[in-house]
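**Student:** I'd like to go over a predicted model; first the sequence, then the structure.
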Number of protein chains: 2
Amino acid sequence: MYFSDLCRKIGDSQFIRMYQESNKKISSCRDCKVKSCAAAVLHAAEIDLVNENSRETSFKKGDIILHEGSMTSHIIYLKSGLVKEYQKGPGDKEQILQIIKKYTYLGLPSLFGDRVNHYSYGALEDITVCYIDLNIFNQLIRQNGNFAFEILVSVSRDSLNNFHRFMSQSQKKTYGRVADALIYFSRIIYENDVFEIPFSRQELADLIGISRESATRVLSKFNDDGILRLSGRTIEIVNPELLGQISKNG
Amino acid sequence: MYFSDLCRKIGDSQFIRMYQESNKKISSCRDCKVKSCAAAVLHAAEIDLVNENSRETSFKKGDIILHEGSMTSHIIYLKSGLVKEYQKGPGDKEQILQIIKKYTYLGLPSLFGDRVNHYSYGALEDITVCYIDLNIFNQLIRQNGNFAFEILVSVSRDSLNNFHRFMSQSQKKTYGRVADALIYFSRIIYENDVFEIPFSRQELADLIGISRESATRVLSKFNDDGILRLSGRTIEIVNPELLGQISKNG
DNA sequence: ATTTAAACGTGCTATTTATCACATTTTATC
DNA sequence: GATAAAATGTGATAAATAGCACGTTTAAAT
């Protein structure tokens, strides 16, 4: 393994910044096809400012993008791929807070707080991200009210989503929670009844807040009952109505 | 019970607005001693604008301020007293999301989303709030970047706090969760080792996500072990170190 | 002050779910 | 493609916690 690979594995942001500096900018933010909806309200001059203070980078599956506890100088915008946001709990048990899909800023709440990353971010697939200088980002918020508003909408949506998951976990039993997670993947993440999850059963369990064995068992049960069709990490939801029922009943 | 009392009990915002209209404004926002830290960045003209489009109202203990699912035309700023933010889960089980103390806007995330209140808010004590017209509020965010930034900080802090509670609930067992809640009250809400909670054991359990009986039992255990001194709803934390230890170990 | 209702504490039991152990399958590596 | 390593599935068991029942205390209403 190369040194650069190692640095990415362990989420060494110092190196990642160096790497960015050395990485030639190939395209302009003006031409970027995947810029955030918030960026739509920026003026041409503001976009150029972002252009001069941002850098595109990619990570490989399994890489750690950010480590909880680390300090931040840049905000990260996810341009493609899936990322898990997680924390280590007592006994190094990993709690996955959410699966994040493209076109999302990572860890906005941390940025407006103490600038310490409260969560870790790991790449579930090969991904591309954009690093944007935090001072520039903050400047844009203060000088462009519409941009501020869009970011506020984004943070708010995130907050509500997470509340929803919180409710699911504290009020529902194992079956209901697994059902919720499956519905979430099919509706929000993949927008399809068939999908292949890029993470292990253990990670699924860490997301739902149950044990690996329980996750396996519930999935098998759903498979036997004809609600799902399982094949490794590929999941097909055969009976969404019944799944919704299970979610609803807790 | 008077009609007005009934309306307050059930959180009838229609009536509450009428009530506000009829209620003479006694003081100006300029002189208000409890305005939000965000308001500190407003210009005099902006404060006057808020002044003309806001109204102070009070609620009695037990009143419902807002009902989940209702639409909003005003944002509510809590000037004094404690409020619970909650949702009804399957089987009408109440999940309390957080206890909110004064100098806080209620339900900001809902306002920047679909304008539907996702949670209910109930007064745990007699409280005073300020209703501010939502359009004016949004206008201020767009035209005053510093104000937007402060609101963003507020929403972010809230989001992080709730993530913290989420982690506590999904990773920790009953004892750890109760310990967390007690530490939260003493450090964040009351800033004192002795405090009197203005809510029942059932509500405490609903906040922690456990049964009433379990809450009672854990508190009794802590009392017997000399960690707490209990007397009805008055709680004295005698041994904060040990409590911290219990929280840490899950 | 008396009555009524709500909140609280506690033993017992049932249920849920984690944990352990180990067989089996899949994936990665050279 | 052989071998090692990681991930997965499944039964048995233990631990944690909810639910129930009921007696007691506290608070509210008239």
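**Tutor:** Perfect, I can see it now. Computed from a predicted structure; not experimentally measured. Numbering: from 1, shown residues only, chains lettered A, B, ... in the order given.
**Student:** near DNA strand D, which residues of chain A?
**Tutor:** A:200-202, A:212-213, A:216-217, A:219-220, A:230, A:232-233 (C-beta under 7 Å from any atom of the strand). Every residue, glycine included, has its C-beta placed from N, CA and C.
**Student:** okay, those in JSON lines with neighbour count and secondary structure next?
**Tutor:** Below are the residues of chain A next to DNA strand D laid out as JSON lines (neighbours: other C-beta atoms under 10 Å in any protein chain shown; DSSP: H, G, I helix; E, B strand; the rest coil):
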{"residue": "A:Ser200", "neighbour count": "12", "secondary structure": "coil"}
{"residue": "A:Arg201", "neighbour count": "15", "secondary structure": "helix"}
{"residue": "A:Gln202", "neighbour count": "14", "secondary structure": "helix"}
{"residue": "A:Arg212", "neighbour count": "14", "secondary structure": "helix"}
{"residue": "A:Glu213", "neighbour count": "11", "secondary structure": "helix"}
{"residue": "A:Thr216", "neighbour count": "14", "secondary structure": "helix"}
{"residue": "A:Arg217", "neighbour count": "14", "secondary structure": "helix"}
{"residue": "A:Leu219", "neighbour count": "18", "secondary structure": "helix"}
{"residue": "A:Ser220", "neighbour count": "12", "secondary structure": "helix"}
{"residue": "A:Leu230", "neighbour count": "13", "secondary structure": "strand"}
{"residue": "A:Gly232", "neighbour count": "7", "secondary structure": "coil"}
{"residue": "A:Arg233", "neighbour count": "13", "secondary structure": "coil"}
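**Student:** so A:Ala45 sits in a helix?
**Tutor:** Yes: assigned with DSSP: H, G, I helix; E, B strand; the rest coil, A:Ala45 falls within a helix.
**Student:** that one and DNA strand D: what is the separation?
**Tutor:** To DNA strand D, A:Ala45 is 47 Å away according to C-beta to the nearest atom of the strand, to the nearest Å.
**Student:** least trustworthy helix or strand in chain A by mean pLDDT?
**Tutor:** helix A:13-22 (a mean of 57; mean pLDDT, DSSP states H and E).
**Student:** residues contacting the closest residue to A:Tyr77 other than its chain neighbours?
**Tutor:** Spatial nearest neighbour of A:Tyr77, excluding adjacent residues (C-beta to C-beta, 6 or more residues apart in numbering or on different chains): A:Cys130 at 4.4 Å. By C-beta atoms under 8 Å, 6 or more residues apart in numbering or on different chains, the residues touching A:Cys130 are A:54-57, A:76-77, A:79.
**Student:** from those residues, which is closest to chain B?
**Tutor:** A:Ile76 (15.8 Å; C-beta to the nearest C-beta).
**Student:** can you pull the phi/psi pair for the closest one?
**Tutor:** As for A:Ile76, its main-chain torsions (degrees, to the nearest 10) stand at phi -110, psi 130.
**Student:** residues touching the residue nearest to it when sequence neighbours are not counted, list them.
**Tutor:** Nearest residue to A:Ile76, sequence neighbours excluded (C-beta to C-beta, 6+ apart): A:Leu106, at 4.4 Å. Counting by C-beta under 8 Å, 6+ apart, A:Leu106 touches A:65-66, A:75-78, A:83, A:85, A:100, A:121, A:129.
**Student:** got CSV for those residues, with pLDDT too?
**Tutor:** Below are the contacts of A:Leu106 laid out as CSV (pLDDT from 0 to 100):
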residue, pLDDT
A:Ile65, 94
A:Leu66, 93
A:Ile75, 94
A:Ile76, 96
A:Tyr77, 96
A:Leu78, 96
A:Val83, 96
A:Glu85, 96
A:Ile100, 96
A:Tyr121, 96
A:Val129, 95
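**Student:** among the residues you listed, which ones are in strands?
**Tutor:** Per DSSP state E, strands hold the following members of these: A:65-66, A:75-78, A:83, A:85, A:100, A:121, A:129.
**Student:** can you tell me which of these are buried?
**Tutor:** Applying 16 or more other C-beta atoms under 10 Å in any protein chain shown to the ones in strands among the contacts of A:Leu106, the neighbour count classes A:65-66, A:75-78, A:83, A:85, A:100, A:121, A:129 as buried.
**Student:** could you list the low-pLDDT ranges of chain A?
**Tutor:** A:1-27 (pLDDT under 70).
**Student:** can you name the residue of it nearest DNA strand D?
**Tutor:** Evaluated by C-beta to the nearest atom of the strand, chain A has A:Ser200 as its residue closest to DNA strand D, separated by 3.0 Å.
**Student:** bridged to A:Ile100, which residues?
**Tutor:** A:Val83 (DSSP bridges).
**Student:** tell me the contacts of it?
**Tutor:** By C-beta under 8 Å, 6+ apart, the neighbours of A:Ile100 are A:78, A:82-85, A:106, A:121.
**Student:** any idea how far it lies from DNA strand C?
**Tutor:** A:Ile100 is 22 Å from DNA strand C, by C-beta to the nearest atom of the strand.
**Student:** then A:Phe222?
**Tutor:** Taking C-beta to the nearest atom of the strand, one finds A:Phe222 at 14 Å from DNA strand C.
**Student:** next: A:Ser36.
**Tutor:** Counting by C-beta to the nearest atom of the strand, the gap from A:Ser36 to DNA strand C is 31 Å.
**Student:** what's the answer for A:Gly89, then?
**Tutor:** 11 Å.
**Student:** could you pull out the helices for chain A?
**Tutor:** A:3-9, A:13-22, A:44-52, A:108-111, A:134-143, A:145-171, A:174-184, A:201-208, A:212-224, A:240-249 (DSSP state H).
**Student:** closest one to B:Leu207 among those helices?
**Tutor:** The minimum distance between B:Leu207 and those falls on helix A:145-171, with 10.0 Å, by C-beta to C-beta.
**Student:** list the buried residues for that closest one?
**Tutor:** Buried residues in helix A:145-171 (16+ other C-beta under 10 Å): A:145-156, A:158-160, A:162-163, A:165-171.
**Student:** for stretch A:196-216, same thing?
**Tutor:** Buried residues in stretch A:196-216 (16+ other C-beta under 10 Å): A:197-199, A:203-210, A:214-215.
**Student:** can you tell me which of these is closest to B:Val178?
**Tutor:** Closest to B:Val178, out of all of the buried residues of stretch A:196-216 and judged by C-beta to C-beta, is A:Gly209, at 18.3 Å.
**Student:** enumerate every residue touching A:Ile47.
**Tutor:** Taking C-beta under 8 Å, 6+ apart as the test, what A:Ile47 contacts is A:29-30, A:39.
**Student:** same check on A:Ser28?
**Tutor:** Taking C-beta under 8 Å, 6+ apart as the test, what A:Ser28 contacts is A:Asn51.
**Student:** next one: it from B:Ala38, what distance?
**Tutor:** Separation of A:Ser28 from B:Ala38 (C-beta to C-beta, to the nearest Å): 35 Å.
**Student:** likewise for A:Ser231?
**Tutor:** 52 Å.
**Student:** many thanks, we can stop here.
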